[in-house]
Structure formats: structure tokens, C-alpha cells
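K.L.:
Generate a structure from the sequence data that follows.
(2 chains)
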There are 2 protein chains.
Amino acid sequence: MIFSDNISGVKPSAIREIFKVLGDPTIISLAGGNPDPSTFPADKMSVIATELLTNNPSAALQYGVTEGYSPLREQLAERMEKKFGIKREGNTVLVVTGGQQGIDLTTKILCNPGDTVICEEPSFIGALNCFRTYGTKLRGIPMEEDGINISELEKALKEEKRAKLIYLIPTFQNPMGVTMSAEKRKKVYDLAVKYGVTVLEDNPYGELRFSGEDILPIKALDDKGVVVYCGSFSKVLSPGIRIGFVSAPEEIAKKLVVAKQVTDVHTNIFWQMLISAFLEKYDIDEHISSIKALYKTKCDCITSALDKYIPSNRFWRSSPEGGIFIYCRFFGEDAGELSKKLIEKKVAVVPGTAFQTDENAKTEYVRLNYSMPTCENIERGIKIIGEYLNGKH
Amino acid sequence: MIFSDNISGVKPSAIREIFKVLGDPTIISLAGGNPDPSTFPADKMSVIATELLTNNPSAALQYGVTEGYSPLREQLAERMEKKFGIKREGNTVLVVTGGQQGIDLTTKILCNPGDTVICEEPSFIGALNCFRTYGTKLRGIPMEEDGINISELEKALKEEKRAKLIYLIPTFQNPMGVTMSAEKRKKVYDLAVKYGVTVLEDNPYGELRFSGEDILPIKALDDKGVVVYCGSFSKVLSPGIRIGFVSAPEEIAKKLVVAKQVTDVHTNIFWQMLISAFLEKYDIDEHISSIKALYKTKCDCITSALDKYIPSNRFWRSSPEGGIFIYCRFFGEDAGELSKKLIEKKVAVVPGTAFQTDENAKTEYVRLNYSMPTCENIERGIKIIGEYLNGKH
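P.N.:
This next block holds a predicted model:
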């Protein structure tokens, strides 16, 4: 069987190999990216599900339009404007099948094989693999604790004659957990305009700030129509329902609709209507507050366990103010080796290699997730990591 | 804004222009492809939805695996074997986000720009537009009342050196409503094997036979692993939930999973679990029987109205034994003109141009749908068409 050029280059991701062992219930997983299931508002959803299927089954189960359920699109536009300063004028809101589809469709409509996607280094593996399936070249820009290195970004924009996209997760970045400063956001935006390259701003964790001050997304600056913004309900309501959304300049949105039409026709209409009713009936900000409180506690658990069990001269960690990930550098360790050893000790982590544009380059970094495991398991897991590192020396 | 080469060539479809006027409630629509909403088993779904969200919310709302919910995959494999003779050995069943995603992912993993997709002429616009977004060349093969013209198919396979896919809807074809004979299915299969081209068999209507004898899908012949089979719950349970499935040779299925992972991660897990429970708890064949009875009645309505209101020397129509579409040729009419005139008279139909590889070629054919309108509206709509045609002469 001869596969297409674009798909032939993409390997099943390293991260999936790790996930295979997670069926073992004795393993403490700090490897995933799942929200804590206790945050799913299942009771409220159940009430609405019954209402929908009783009072409005014809609409909730019939074909919908590709753009998304109109009342939900309206609610999303309003919420994004109020909460994130994203202007309605000049932008179109579309509902997509999870944030991942927003990334996929944007790449599909903008990138030819051989075009360059500039991204943070490290970055979200699902996005990197998506870009790879379009035959694009990835150009990684080193990350700092306040976001992407701006002079390296400008250098890349100068050098990459076929740059089409700058992919960024400015807030509580995956895998690092760090947040790009407001100053850098402005600089990134100005560079995108200057070089005529579209910004793909991915913001799945942006509502989950548990300390520090909110920073508006890059999209809030977008007078010129160069930013495609992807949001998602995965981390605030449920990931299993696959409901994300996009705010894109009108011209881009039109093409996204054409691409979505032939990809999956439209997004699950039942869940679009359910979320619309949820936003109408309940206070989602109150719901999100409770998630933030939980993740603050869990983040405190993981940072204090790291600081307790691992000598400070042996590692560096990021200091997340929100989101679900923390990034650690274990000095002198090979992350790939380390993660294999830790699996033997029943702790799963993701080596930083998974998030690199070059998955073969060695790294000392490891991504840890604190949203899914209990505080007890976080403490046990980090203790095992500490014992392993200390035992080696 | 410069868009990718693949998407630049794709126009918003003609069919969508027609659909825009359908908001007008005074228009009788014979243009859609929607199932009758009275066939949605909403009460039963509501019972299961409550159970799932009460007893198993963590699983029903959490991330799932890309391949699909295991119990559902098992049920589908069993059902496809029992009902359609599709062998389990050598094939992998995947759950996808509607049948459309099966088409999209298969094209993505197999076709490079410039490759040829051989298809029935006319064929499903959603598939044709999907193929267009991969920069493929479309080669249409004339249709006959018992399916594709086999000698034209072989001629195309000889001529098209870069043929990668043969796309077929063998049963109750969209738009024609006709069914490929068992003999032709065998010949198509043998040709696909001989020329080393993959068959993409799309079967969204295959369960909806209301007269005549069932014919096994081409996939049932697939010893050699050259057929990708796409099925869907859209026409038997609900289209709005976007649940389809694929049975593909293992090697192909592995690549489909890689492609799906970066497209939408996985299909809505809540609805996968709900359908799994539905299949467990209720008799889906009994449910499908009631749909078939309804569509038989509606098909009888449309055929007798056509035969009553339009002189037999003025038109030809297909004779569907199942599915939701009937195809008509109005001698001497330009279908594009006709459909515009009929909109003025408050009847919507789809001109055959929409289903052609060359949308600019004139045609006398028109697609009519009988699943969605009531029998009363079918009769009224066809009467208007008849009056218009008779009034012209």
C-alpha cells in the first residue's frame, strides 16, 4: 500500500506509546492531559439532555449547519468579547469539533506542502503532528518563562520565505505551563502584521487562571485580521463531547466553513444545543471558579512535592499560574531514558522530546500533569521520581 | 489572504445556495437529504442519556481513544459480519465523526495532489468536494440503472495512471437512488484488485431497503484488502450526533488512526457509549423496519405523484428499492434553469449539475428527496412541477 506523501512522514506519536501502558491501574500517571472528571457538570447536563430529547428532539438530532448552532455562536461571540476583548466586528465565530479541528482546518486552508509553520519550541504534539500531515516545515522558536523569544521569532520570519502560520499557546502553554507576557503578545502581533503571517492562537486553558492577573489574548489586538483564535470547552465542561470554537477574520472563516463541510459536515448539534442551554441556564463562571480552585490545590501539591522530594540544585520547574501542566528540567538526565525508567517504577511522565519539532533531539525536560491525578497520587509519584533521581547518585 | 492551493479550487457548493432559501417555511423542499425526524428514537435515547450521565459520567465525558469506544467497535464488527458479510479477520473497525469523515480521512491518507479519484457520474457532492480539497483529478464513470458502466470503468483504470481511489455508493446511490447489481460488484472488485486501486465504498443508506432483495456490499468480497467501507448511523438513528464507522484493512486503518488523531482526536464519546447501549438494550432492526415502512410509503407517494402529474413521455425517473432519493430526467429541460423557476413556485429541488464532476456541464436531471417532506407536501410539490412543465408547452 502506497500512502500519500503527507501522511507517510507522520509516525504514531511517542506519547501514544506511553499511553498504552496506562491501562495498568497500578501506574500513577502524570502523563495525560485529561481534566479531573469531578469537574464535569454531569447532573446539570443530564437535566438539559432530558429536556432537549423530550421537547426538541427534531432539532437536536437532525443535520445542522456547518457554521454551528446560531444561538451558541452568538453566546460565544458575546462571551469572547466580554471576557477576552475579542472584537465581533470583522470576525466570525464557528463551532468546531474540538480545538484540534480548529488547528487542522486552519492549516488545511492556509498551508501548502513546503510552507513553514513557526511554533513555540516545545509545543503541543497534537498541533505539531497536524502540521506534519500537511507536509509543512516546522520552525521552532525557543521558549522563555514569559513566552517565545522575540528576536528569534523575528529572525525566523526574516529567514523563512514561505512562513504561513505562527502557532502559539500564549496562556498556560502546553507543555510548559508558562504564559506569554502582554508586552510579548504585542510584539508578536506587530511582527505577524509586518511579515504578513497569520497567527494561530490556541487557547484551551485560558479560562483556568488560579493566580496572577489575566492577560488578554493576541486576538484582542487583531485590528488587521491576521489572527485565528481557537477555544474549547474541553477543559471547562468536557473533552469527550468534542466542542471547540474559532474566532476568525471573515474571509478566513468562509474558507474554514468550506473545509469543514467536507470534513465532518457539522459539529454534533445535540451537544451544541446542550452547551447553549447550559450557558443560558447556569453560571459557567461560577462553575469555572470551582475548577480553578481544584487545580490551584493540585498545582500546589505538585510544586510542593517537587520542591520537597527533589534537591533544588538537581532540577528546574516552571511556575504555572493556571492550566494543567508543569514542565521540569532534570539536570544531567536524558528525558527519554528517565521516562522509561520511571515506567518501571510505575510512574508515567512525558519526555520533552514529544513536544519538539525534532523528536530525536535529546532533552532534559519532562512534562507533568496535575489536573488528573489525586493529590495523594501526585505526592506518591513525585516521591518516586525523587527517590529514583537521588538513588542514582 | 493567500489560501492553500487545495482549498482555493473549491467553491461553496451550488447545493448550499439552494439551501439558503429553505429558511422560507412556504417552500416545499424536495432538495434536502435529511431523514424524517419522526424516525429519531429520542425517548429511548433520553433514557440512556440519563443513565450514562448519572452512572458513568467520568467515562462518557472524558477523552476517549482515537479508534473509538471498544464495546461499540466490537458490536459494529459483529453486526457488519452478520448483516453484510464483512469479514472481521484482516479488517479493523474504527468509529468516525460521521461517514463524511471516513471519506475525508481515506482521501487524506491515500491521495496526493494530481492523483485521480474515479467515481460514479453523478455522485455525492460532499464526497466530490472532499476529493477536490486534496487537489485530486475526478474521473466520472457513467451510471446505468444497475450501477456503474463496467467497460468505462476499466477504460478509466487503464488510462488513469495515477488512479488511487474508486469511490462508489453501490446501494441506493446518491443522487440516483439506484443499486449496483451483485454481478457488477464482483466485476468492480476484480478490476480494483487487477489495477491495484483502493475501493472506497460508501454505504449510508444500505440498511434502508424497502423492496427487492438485499445485495452484499463490495466489502464482503474483500479477501485482498483493497476496500475501505464507510457506514453511518445518520440515516438509521440520527445525523446530528455525527457517528459513522469504517471497516478498513488493518494497514490502512493504522494510517486512518494517525490522520484522525490530528483531525479531531476522537469521536464524541458520549454518543458512542449511547449507541452502544442502544444496540445492547433495544432491537435496532425493529427500529429500522419502521423507518423502512415509512420510506416505502413516501417513495410510493413520490413515484405515484410523478407518474400522475407528469406525462410519461416528458420524463424518466429511477425506481428506488430503498434509501431516500429518486432521480428524474425532464426531457428538454435545463436542470439549473428548472430548479430556479421552481424556487419561484416555492418548490426546491437539486439540479443534477451539483452531482457532476464538471458542475458546469448542462443536464436534464434533478434529484428529489422523499424522506423529509410529508406525503401531502410531496404530492403538492410534484403537482407544481407538473403544472410548470405542462404550462410551458
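
K.L.:
can you pull the buried residues of stretch A:250-262?
P.N.:
A:Ile252, A:Ala253, A:Lys254, A:Lys255, A:Leu256, A:Val257, A:Val258, A:Ala259, A:Lys260, A:Gln261, A:Val262 (16 or more other C-beta atoms under 10 Å in any protein chain shown). Backbone N, C-alpha and C define where each C-beta goes, glycine included.

K.L.:
Would you mind confirming that the fifth one is in contact with A:Pro249?
P.N.:
The reference is to A:Leu256. No: judged on C-beta atoms under 8 Å, A:Leu256 makes no contact with A:Pro249 at a distance of 10.2 Å.

K.L.:
got the contact list for A:Lys164?
P.N.:
By C-beta atoms under 8 Å, 6 or more residues apart in numbering or on different chains, the contact list for A:Lys164 reads A:Leu110, A:Cys111, A:Asn112, A:Asp115, A:Thr116, A:Val117, A:Thr136, A:Val197, A:Thr198.

K.L.:
leaving aside the residues next to it on the chain, what's closest to the fourth one?
P.N.:
What it means is A:Asp115. Nearest-residue entry for A:Asp115: A:Lys164, 4.3 Å, with adjacent residues in sequence omitted and distances by C-beta to C-beta, 6 or more residues apart in numbering or on different chains.

K.L.:
In three-state terms, label that neighbour for me.
P.N.:
strand (DSSP: H, G, I helix; E, B strand; the rest coil).

K.L.:
same question, A:Arg367
P.N.:
Under three-state DSSP, A:Arg367 comes out as strand.

K.L.:
so how many other residues sit close to it?
P.N.:
Using other C-beta atoms under 10 Å in any protein chain shown, A:Arg367 has 27 neighbouring residues.

K.L.:
The closest residue to it other than its chain neighbours: what's it in contact with?
P.N.:
By the measure of C-beta to C-beta, 6+ apart, the closest residue to A:Arg367 outside its immediate chain neighbours is A:Pro175, 3.8 Å from it. By C-beta under 8 Å, 6+ apart, the residues touching A:Pro175 are A:Pro122, A:Ser123, A:Phe124, A:Phe325, A:Tyr327, A:Val350, A:Gly352, A:Ala354, A:Phe355, A:Tyr365, A:Arg367.

K.L.:
Now, those residues that are in strands?
P.N.:
A:Phe325, A:Tyr327, A:Val350, A:Tyr365, A:Arg367 (DSSP state E).

K.L.:
is the last one in a bridge, and if so with what?
P.N.:
Per DSSP bridges, the residues bridged to A:Arg367 are A:Tyr327, A:Val350.

K.L.:
thought A:Pro142 was touching A:Ser151?
P.N.:
No: if you go by C-beta under 8 Å, A:Pro142 and A:Ser151 don't touch, sitting 10.1 Å apart.

K.L.:
Going by neighbour count, which of the contacts of A:Lys164 comes out on top?
P.N.:
A:Val117 leads those on contacts (other C-beta under 10 Å) with 29 neighbours.

K.L.:
Ignoring the adjacent residues along the chain, who's closest to the residue nearest the centre of chain A?
P.N.:
With distances taken as C-alpha atoms, centre = their mean, A:Pro204 lies nearest the centre of chain A, 4.8 Å away. The shortest distance from A:Pro204 to any non-neighbouring residue, by C-beta to C-beta, 6+ apart, is to A:Ser232 (4.5 Å).

K.L.:
residues touching the residue nearest to the centre of chain A, list them.
P.N.:
A:Gly99, A:Ile169, A:Asn174, A:Cys230, A:Gly231, A:Ser232, A:Ser234, A:Lys235.

K.L.:
got a markdown table for these, with pLDDT too?
P.N.:
Formatted as a markdown table, the contacts of A:Pro204 follow (pLDDT from 0 to 100):
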| residue | pLDDT |
| --- | --- |
| A:Gly99 | 98 |
| A:Ile169 | 98 |
| A:Asn174 | 98 |
| A:Cys230 | 98 |
| A:Gly231 | 98 |
| A:Ser232 | 98 |
| A:Ser234 | 98 |
| A:Lys235 | 98 |
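
K.L.:
of the residues you listed, closest to chain B?
P.N.:
A:Ser234 (7.9 Å; C-beta to the nearest C-beta).

K.L.:
Correct me if wrong: that closest one contacts A:Gly99.
P.N.:
Yes: the criterion here is C-beta under 8 Å, and A:Ser234 meets it with A:Gly99 at 6.6 Å.

K.L.:
who's more crowded, the two?
P.N.:
Between A:Ser234 and A:Gly99, counted using other C-beta under 10 Å, the more crowded position is A:Gly99 (28 against 24).

K.L.:
list the contacts for the more buried one?
P.N.:
Counting by C-beta under 8 Å, 6+ apart, A:Gly99 has contacts A:Asp202, A:Pro204, A:Cys230, A:Gly231, A:Ser232, A:Ser234, A:Gly244.

K.L.:
Only whichever of those are buried, select them in ChimeraX.
P.N.:
In ChimeraX, this line selects whichever of the contacts of A:Gly99 come out buried by 16+ other C-beta under 10 Å:
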select /A:202,204,230,231,232,234,244
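
K.L.:
Just the ones of the contacts of A:Gly99 in strands?
P.N.:
A:Asp202, A:Cys230, A:Gly231, A:Ser232, A:Gly244.

K.L.:
residue contacts, the residue nearest to A:Gly352 when sequence neighbours are not counted?
P.N.:
The shortest distance from A:Gly352 to any non-neighbouring residue, by C-beta to C-beta, 6+ apart, is to A:Tyr365 (3.2 Å). By C-beta under 8 Å, 6+ apart, the contact list for A:Tyr365 reads A:Pro122, A:Pro175, A:Tyr327, A:Cys328, A:Arg329, A:Ala335, A:Pro351, A:Gly352.

K.L.:
what's the answer for A:Gly244, then?
P.N.:
Taking C-beta under 8 Å, 6+ apart as the test, what A:Gly244 contacts is A:95-102, A:230-234.

K.L.:
same thing with A:Phe19?
P.N.:
Applying C-beta under 8 Å, 6+ apart, the residues near A:Phe19 are A:Ala31, A:Gly32.

K.L.:
Tell me the predicted confidence for it.
P.N.:
For A:Phe19, the model assigns a pLDDT of 70.

K.L.:
Which strand or helix spans it?
P.N.:
helix A:14-20 (DSSP states H and E).

K.L.:
after that helix, next one along is what?
P.N.:
strand A:28-29.
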